[in-house]
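Engineer: I need the structure of the sequence given here:
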Amino acid sequence: MLGDKKKSLLISYTAVFVALIAAASWISIPVPPVPFTLQTMMVLLCAGVMKRYAVIPVTLYITLGCLNLPIFHNGTAGLGVVLGPTGGYMFGFIIAAVVAGYLYESKASMIHLLGLILGTISILLFGTAWIAISSGMTTEAALIVGCVPFLVGDGMKLILAFYIARMVEKINPIRWD
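Structural biologist: Here you go, the predicted model:
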């Protein structure tokens, strides 16, 4: 790794984003069955900064939480959390990182914004579907509980992630290719 700037940056940014996602999980408003946290914003920001490599810290974050590190919302941990009502959202984090990360490799800002929107939709879609499956709720009930309350907040988080990623790119442009 000595002298390999790309690998060093990848490891450093991975550590930073795992820590940011974990820290954002503590900023939580308890809304049953799924709390409102800033994790989604950090996942989207990770995609905006790390592009296709965003899937690495997001997957590592979930893996570490499954291995009982208390890094999920409000210090929870374990496979039970992932299999509980929030599990679909966590799987959606991975899909969001992939989708938004790849679209962030475009030069066009509108494609970046589209990536964040599709990433947010992925998180909400997988989260809502898992709530419906795991709890036996109807699709309509799962949408009311698992999607509607988060629409405005997630919209604000994706706009913040878009502008913060843009500022990071201006300050420290990284070429991952």
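
Engineer: Show me where the chain has its strands.
Structural biologist: 28-29, 36-37 (DSSP state E).

Engineer: Please name whichever of those strands is nearest to Asn172.
Structural biologist: strand 36-37 (26.3 Å; Cβ to Cβ). In this view, the C-beta of every residue, glycine as well, is placed from N, C-alpha and C.

Engineer: Asp4: which of the strands of the chain is closest?
Structural biologist: Using Cβ to Cβ, the nearest of the strands of the chain to Asp4 is strand 36-37, at 34.5 Å.

Engineer: In its sheet, which strands sit next to that closest one, and in what direction?
Structural biologist: In the sheet, strand 36-37 lines up against strand 28-29 (antiparallel) (DSSP bridges).

Engineer: any idea how far the residue lying closest to Leu114 once chain neighbours are set aside is from Met110?
Structural biologist: Nearest non-adjacent residue to Leu114, counting by Cβ to Cβ, 6 or more residues apart in numbering: Leu103, 6.1 Å away. Distance of Leu103 to Met110, computed by Cβ to Cβ, to the nearest Å: 10 Å.

Engineer: With neighbour numbers in mind, choose between those two.
Structural biologist: Leu103 (22 against 8; other Cβ atoms under 10 Å).

Engineer: hey, where'd the helices end up in this protein?
Structural biologist: Using DSSP state H, the helices of the chain run over 5-25, 39-50, 55-66, 79-83, 87-103, 109-135, 139-146, 151-171.

Engineer: Tell me which other helices or strands the fourth one touches.
Structural biologist: If you count contacts as 3 or more Cβ pairs under 8 Å, 6 or more residues apart in numbering; DSSP states H and E, helix 79-83 packs onto helix 55-66.

Engineer: circling back: what residues are up against the residue nearest to Leu114?
Structural biologist: For Leu103, the contacting residues are 111-112, 114-115, 118, by Cβ atoms under 8 Å, 6 or more residues apart in numbering.

Engineer: how far away is it from Leu118?
Structural biologist: In terms of Cβ to Cβ, Leu103 sits 7 Å off from Leu118.

Engineer: Stretch 167-177: which residues count as buried?
Structural biologist: Residues Ile174 are the ones in stretch 167-177 that count as buried (16 or more other Cβ atoms under 10 Å).

Engineer: hey, which helix or strand in this structure has the poorest pLDDT?
Structural biologist: strand 28-29 (a mean of 81; mean pLDDT, DSSP states H and E).

Engineer: Distance-wise, check the residue nearest the centre of the chain relative to Leu158.
Structural biologist: Central residue of the chain (Cα atoms, centre = their mean): Val43, 2.7 Å from the mean position. Separation of Val43 from Leu158 (Cβ to Cβ): 10 Å.

Engineer: Lovely, talk soon.
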